[in-house]
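J.: Pasting the sequence and the predicted coordinates here, then a few questions.
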Amino acid sequence: MTLSIPLSELARQLGCVLHGDGALSISGVRGMEQAVAGQLTFLANPKYAPKVKASQASAILASVPIEGIATLVSKNPYHDFGRALELFYQPPRPDAGIHPLACIHPTAIIGEGASIGPFVAVGAQVTIGRNAVVHPHVSIYEGAVIGDDFLAHSHVTVREFCRIGDRVILQNGTVIGGDGFGFAKTATGTQYKIVQSGIVVIEDDVEIQALTAIDRATVGETRIKRGAKIDNLVQIGHASVVGEDNIICSQVGLAGSTILGKSVLLAGQVGVSGHLTIHDNAIAYAQSGIGHDVPAGTLVSGSPAFDNRTWLRAVTAFPKLPELVRTMRELEKRLAALENKSQGENEPAN
């Protein structure tokens, strides 16, 4: 059954100012180019404003009233777009209870209201808080401690003794607490595995997306701090610290003992060499290679990474380098010819 909400009611629930016909019936929320009549869209970036005229949406979330379309004026259109989306769609939630095909150790403690799916394995001395949803084929090793409102999608693994806070979401295939990459070369040249005795600690309100690996520390802990959001296919090396409200995009790799401050943003495919600190509010653009500390509030690009503004100037020169080299060689030849001519003119006559 399709849900319809009057635009005036949407404005009330979102705390937006309505400009236009409040009686419009809204049945869904979509992007500007996909929206059809009866749906709400949003404009968060002014550079996309010209596309509004081509949209078939009945209403729009924007920071200012938009001519020709009913507008919900918002201080943060993208945030309110997300809130509106929740009014029309909630992911299905399985019923509370432990499925008969789950394997739960007798010493494990499962909180009230939890849903444990089929083929879930929960080890000895595990604690899982209230209202958790653990989907099929999740493995939780011995001694793990997990807070309330935990959500683990299929094929998540939480290794032994790791600690997870409240309202943590782990998407499919995430591995929490796999061994850190620690080996010592022996006198005979073989690699001796160093026992990874530490743990991973994940604080409250963290989301870690599909196929990401958070390695346990050799000793001590790897820590993901409150509110951090980590994308797909990310590698967090042992004993690293990911700071509060960090955004770490796809295919980022942190070598061991990397420290990230608050509100750091690492764009896609950033690589960090480890044993360094990226300070608060720093941003590294896509494919940056970071091999040194990054000061607070800095924007860096390139590999090796350096100041973004300098990098932008440098990258515009890169395509011109072959031409510049040819010009320099020609100038060197001319200079050599002039020097030879000058020497010839200055030689005494016989």
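T.: Alright, I've got the coordinates. Keep in mind it's a predicted model, so treat the numbers as computed, not measured.
J.: Now do the contacts for the nearest residue to residue 141 once chain neighbours are set aside.
T.: Closest residue to residue 141 apart from its sequence neighbours, by CB to CB, 6 or more residues apart in numbering: residue 160 at 4.1 Å. The C-beta positions use only the backbone N, C-alpha and C, and glycine is treated the same way. When the contact criterion is CB atoms under 8 Å, 6 or more residues apart in numbering, the partners of residue 160 are 123, 141, 142, 143, 144, 177.
J.: ranking the residues you listed by neighbours, who comes first?
T.: Neighbour tally across the contacts of residue 160 (other CB atoms under 10 Å): the maximum, 28 neighbours, falls on residue 177.
J.: Return the backbone torsion pair for that residue.
T.: Backbone geometry at residue 177, expressed as degrees, to the nearest 10, gives phi 90, psi 20.
J.: Surely it is in contact with residue 159?
T.: Yes: here residue 177 lies in contact with residue 159, judged by CB atoms under 8 Å, at a distance of 3.2 Å.
J.: Between those two, which contacts overlap?
T.: 141, 200, 216.
J.: you'd agree the first one is up against residue 159?
T.: Yes: with contact taken as CB under 8 Å, residue 141 and residue 159 are classed as touching, separated by 4.8 Å.
J.: and the helix or strand bottoming out on mean pLDDT in the chain, which residues are buried?
T.: Every helix and strand of the chain was ranked by mean pLDDT, DSSP states H and E. The lowest is helix 308-317, at a mean of 84. Residues of helix 308-317 classed as buried: 308, 311 (neighbour count, 16 or more other CB atoms under 10 Å).
J.: tilt between the following helix or strand past it and helix 308-317?
T.: The C-terminal neighbour of helix 308-317 among helices and strands, as given by DSSP states H and E, is helix 321-346. Angle, helix 321-346 to helix 308-317, by axes from the mean of the first three to the mean of the last three CA atoms, to 10 degrees: 70 degrees.
J.: Ignoring the adjacent residues along the chain, who's closest to residue 279?
T.: residue 296 (3.9 Å).
J.: What are the neighbouring residues in contact with the one you found?
T.: Residues counted as contacts of residue 296 (CB under 8 Å, 6+ apart) are 261, 279, 280, 281, 282.
J.: per-residue confidence at it?
T.: We note a pLDDT of 98 for residue 296 in this prediction.
J.: now do the one 5 residues further on
T.: Predicted confidence (pLDDT) for residue 301: 95.
J.: let's number from 40 now, not from 1
T.: Shifting the count to begin at 40 puts that one at residue 340.
J.: What is the burial count for it?
T.: Residues near residue 340, counting by other CB under 10 Å, number 23.
J.: tell me the contacts of it?
T.: By CB under 8 Å, 6+ apart, the neighbours of residue 340 are 323, 324, 327, 346, 347, 350, 351, 354.
J.: Thought residue 341 was touching the last one, still the case?
T.: Right, residue 354. Yes: using CB under 8 Å, residue 354 makes contact with residue 341 at a distance of 7.4 Å.
J.: Quick one: low-confidence residue ranges for the stretch 40-189 of the chain.
T.: Across the stretch 40-189 of the chain, the ranges flagged by pLDDT under 70 are 40-41.
J.: quick one on the thing from earlier: hang on, the residue nearest to residue 180 in a helix?
T.: No: Residue 199 is assigned coil when assessed by DSSP: H, G, I helix; E, B strand; the rest coil, not a helix.
J.: How much space separates it from residue 232?
T.: Note on residue 199: its distance to residue 232, by CB to CB, to the nearest Å, is 16 Å.
J.: do the same with residue 369
T.: Distance from residue 369 to residue 232, by CB to CB: 59 Å.
J.: Check residue 213 too.
T.: 23 Å.
J.: Out of the two, name the residue with the larger neighbour count.
T.: Set residue 213 next to residue 232 and count neighbours by other CB under 10 Å: residue 213 wins out with 25 against 10.
J.: I'd say that one and residue 195 touch.
T.: Yes: with contact defined as CB under 8 Å, residue 213 counts as touching residue 195 (5.1 Å).
J.: hang on, the earlier thing: quickly list what's touching both of residue 180 and residue 198.
T.: Shared contacts of residue 180 and residue 198, counting by CB under 8 Å, 6+ apart, come down to residue 216.
J.: domains for the chain, by residue range?
T.: For the chain, automatic domain parsing gives the domain ranges 44-127, 136-348.
J.: could these be laid out in a markdown table, adding distance to residue 377?
T.: Shown next, in a markdown table, are these (distance: least, CB to CB, whole Å):
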| stretch | distance to residue 377 |
| --- | --- |
| domain 44-127 | 53 |
| domain 136-348 | 38 |
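J.: Comparing those domains, which comes out most buried?
T.: Most buried of these, by mean neighbour count (mean count of other CB atoms under 10 Å): domain 136-348, with a mean of 19.
J.: From one end of that domain to the other, what's the distance?
T.: Counting by CA to CA, to the nearest Å, you get 55 Å between the two ends of domain 136-348.
J.: Poorly predicted segments of the stretch 240-389 of the chain, please.
T.: Those would be 385-389, if you go by pLDDT under 70 across the stretch 240-389 of the chain.
J.: Quick check: end-to-end length of stretch 327-336?
T.: 16 Å.
J.: ok now it, how far from the chain's centre?
T.: 17 Å (CA atoms, centre = their mean, to the nearest Å).
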